[in-house]
Structures are given as structure tokens and as C-alpha cells.
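[1] structure for this input, please:
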Amino acid sequence: MIEREVAHAIATATEPLAVATVVGIRGSAYRRPGARMVFSKTAHLGGSVSGGCLEEELARTGWWHTRSGPVVVTFDASDEEEVRRGTGCGGSIDILLERVGQRSVDPLAVVTRCMTEQRHAVLATIISSTDRQFAIGTYAAIHDDRVDGVIHPALGSMIADAKAALKTGTRTVTYATQNGEVHVLLEALVPPPHLFVCGTGPDAAALADCANAIGWHVVVVAPSIRPTLRTRFAHAELVADSVDGLVTRVDATDRAAVVIINHDLDRDTACLDRALASKAAYVGALGPRQRTQKMLAEVGRDIADSRLHAPVGLQLGAETPREIALAIVAEIQCELAHATGKQLRDQDAAIHSTPPTDEASSSWPRLTESSAA
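    Presented below is the predicted three-dimensional model:
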């Protein structure tokens with residue numbers, strides 16, 4: 001998912017930019033391939049590629065590393081000395097460093113476009129190559145309606161592979177050329193979720209704050225906008241709507257979630273009807289199940305709709321408005337990420353699934369610079 005902090009850093013930058021992107025991991029790592037940070041000649045501007053152990057180092061040396069063009073740097077925290085020092089997660093991380101303008105395709109411009117237009121895309125980034133005509137760095141961007149960059153005939157299946165990555169997630173693919181092999185990270189770019197909050201009470205404000213804090217875009221739908229609401233929802237987009245336009249607004253966004261929390265039966269009923277008529281991936285209704293059943297019966301809709309969560313939220317023992325907001329946001333996160341919500345200590349498998357890759361990737365040539373995390 002595109003991080004809002006990265007998009008903000010791009011939009012507010014006043015100096016030349018560079019970007020660090022996780023392109024490979026071995027063993028345990030805090031961030032996954034596709035995680036990125038934006039930096040300048042002297043400062044870390046936004047985003048992250050680790051839990052905090054690499055950002056300062058990259059901001060200090062990243063501009064120097066890219067003096068001759070994009071480069072992949074390996075940070076290895078798997079050796080005994082680093083483990084003893086407690087540095088990193090015990091794994092090895094490959095990070096691509098590149099300045100904006102070093103390649104024909106600007107990865108930060110692609111990220112910005114996905115955010116502003118609420119569209120998916122795939123960034124194709126060459127992370128290793130034994131064919132000299134293919135240089136390391138961002139190579140192409142594949143959108144639904146266009147391709148930025150020129151796809152070499154030797155990489156002819158890249159567009160099809162990229163479209164598959166949009167469905168299955170970020171992956172690495174190896175392409176055989178006449179003069180060697182090219183290893184490409186196909187990164188699925190997905191805008192942050194939009195949360196539509198139908199309601200303006202203290203619990204709606206807590207929900208908006210919680211979602212905003214983790215980088216979601218929050219839209220508050222109200223019958224009218226009073227001055228006090230601009231203070232209560234200072235970090236949300238306020239929309240005055242009789243709910244007739246809810247479907248259009250929801251369907252224009254990516255991965256939308258709607259939570260109905262008006263505390264007004266008639267308006268809640270109208271919002272529930274409109275939300276279920278939209279393409280929202282998640283619809284939550286506050287209140288007891290019987291109340292929701294009554295609203296559904298009035299508008300002729302079925303409670304069996306798998307998108308509907310009523311009562312809304314996970315069972316966290318929540319009582320206060322902020323605790324309830326946490327339970328709701330946690331449930332939405334689980335649904336959008338297709339996660340179970342089970343406790344990690346009870347999970348036998350690795351926390352993160354390994355990004356799909358082809359069989360040849362295990363023997364990649366290591367065209368990298370090495371450094372300890």
C-alpha cells in the first residue's frame with residue numbers, strides 16, 4: 001500500500017529527491033518489498049524501509065551512493081555480531097537507491113498519480129541483471145490504460161506479469177535474454193483505503209482520528225456542515241450530503257469502507273441502503289444486530305451480504321469511543337488485507353508470506369554493495 005507520508009513528502013519537497021525501496025529480503029525483516037522512503041541530499045523526508053535502524057544511515061549516505069546512478073545496497077543483520085548487538089530483525093535486506101531523474105520513469109511521479117487518481121499500477125524495477133543493456137533501477141510503470149517506459153522485446157511478457165501482480169501482489173520475475181538474465185521486481189501500487197464515516201458524534205470523531213492516524217483517507221458524510229464540525233474533524237474531508245450521492249463518492253475510490261454511525265434510525269437506514277448499493281469492500285453498522293435487521297427489512301436488503309459487519313468491530317472488550325474506534329479500524333484492516341486477526345503468538349507460520357518469485361531468483365548474481373544494518 002502507498003503510504004500517505006511518502007505522498008506528502010513528495011508533494012511538499014523543495015529540493016531534489018531520491019528514493020530508497022526495499023526490493024528483496026532474506027530471513028526476518030520489518031518491511032516488505034515495495035516499502036520506500038524519500039530523502040534528499042541531507043535529510044529523511046518521509047516513509048520507512050525498516051523499523052528505524054536504517055533510515056538515518058540511508059539519509060546520510062544515500063545521495064552519495066547514487067552519484068553514479070541507481071544502486072542496490074544490502075544491509076545484513078543476520079551475522080552473529082549484529083544479532084548480539086540487537087541490530088535489525090536478523091535478516092538481510094536489499095534496498096534500491098535512486099535519484100529522481102536518473103531513469104526515464106520517475107517512481108515518485110507514479111506513486112503520486114496512483115494517489116491522486118485512486119488507481120492501481122505496477123512499478124517494474126530492475127534489481128539485478130547479467131545483461132549489460134539492462135541497468136538497475138526503475139524501468140517501467142504499467143497502468144490500466146497505458147505503459148510508461150518502453151518494454152524491450154526480451155521482456156515481452158512483463159505487461160501480462162504486471163497485471164497478474166495486481167491480483168496476487170508484489171512479486172519478482174526473472175526474464176531470460178540473449179546475453180543473460182534480468183531480475184525484475186513487479187510492485188503492485190495500491191492507494192490507501194478511503195473510510196466513509198456516516199455520522200458526526202464523538203464516536204465518529206474517534207473513528208476518524210484512528211483511521212487518519214494510520215494513513216487512511218477519511219471522508220465524513222454529514223447532513224450539513226457546522227463550524228464546530230470543522231474543528232472536530234480537522235483531519236478529515238467533510239461532505240454535506242443527503243446520502244443520495246454516497247454511491248458515486250464510494251465507487252470513485254479504491255478499497256472503500258463505510259461505517260454507519262449516525263445514531264439516527266432514518267438516516268442510518270438510508271446510509272445502509274446506499275452503502276450496500278455501492279462497490280464498498282466493507283460496510284459496518286453500529287448498534288445491535290436486531291436494529292440492523294430492522295433497517296435491512298425496511299429497504300429490502302439481505303443481512304447475508306458478506307460485506308456487512310453488524311454489529312461492527314472486533315471483540316476487543318472495547319468500551320470508550322476510542323476503544324470502539326480501534327475495534328472497528330482493526331476489523332476493516334483485517335477485511336481489506338484478507339487477514340484472520342488471530343494472535344501472532346498462536347501462529348506457527350511466518351508472520352508475512354514470502355513474496356512470489358520464480359525458481360531462478362534464489363541464484364541471483366549479487367550486484368550490490370554490502371553494509372551492516
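
[2] can we go C-alpha only for contacts and neighbour counts from here?
    OK.

[3] how about the longest helix belonging to the chain: buried residues?
    Criterion DSSP state H: the longest helix present in the chain is helix 321-337. The neighbour-count check on helix 321-337 (16 or more other Cα atoms under 10 Å) flags 321-333, 335 as buried.

[4] how many other residues sit next to residue 226?
    For residue 226, the neighbour count with other Cα atoms under 10 Å is 10.

[5] how much space between it and residue 117?
    For residue 226, the distance to residue 117 equals 29 Å [Cα to Cα, to the nearest Å].

[6] how about residue 107?
    For residue 107, the distance to residue 117 equals 15 Å [Cα to Cα].

[7] and these two? which has more neighbours close in?
    Taking neighbours as other Cα under 10 Å, residue 107 and residue 117 compare with residue 107 leading, 24 against 12.

[8] ok, the more buried one - contacts?
    100, 123, 138, 141 (Cα atoms under 8 Å, 6 or more residues apart in numbering).

[9] now, which of these lie within helices?
    Residues of those located in helices (DSSP H): none.

[10] quick check on residue 185: phi, psi?
    Residue 185 adopts backbone torsions of phi -90, psi 120, taken as degrees, to the nearest 10.

[11] could you check how far the closest residue to it other than its chain neighbours is from residue 126?
    Nearest-residue entry for residue 185: residue 172, 4.5 Å, with adjacent residues in sequence omitted and distances by Cα to Cα, 6 or more residues apart in numbering. Distance, residue 172 to residue 126, using Cα to Cα: 10 Å.

[12] helices of the stretch 1-150 of the chain, start to end?
    In the stretch 1-150 of the chain, helices defined by DSSP state H, counting those that start in this stretch lie at 4-12, 55-65, 80-85, 107-117, listed in chain order.

[13] redo these as a markdown table? Include distance to residue 151.
    Below are those laid out as a markdown table (distance: least, Cα to Cα, whole Å):
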| stretch | distance to residue 151 |
| --- | --- |
| helix 4-12 | 26 |
| helix 55-65 | 27 |
| helix 80-85 | 41 |
| helix 107-117 | 16 |
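
[14] of the ones you listed, give the one that comes closest to residue 290.
    Residue 290 lies closest to helix 4-12 among the helices of the stretch 1-150 of the chain, at 37.9 Å (Cα to Cα).
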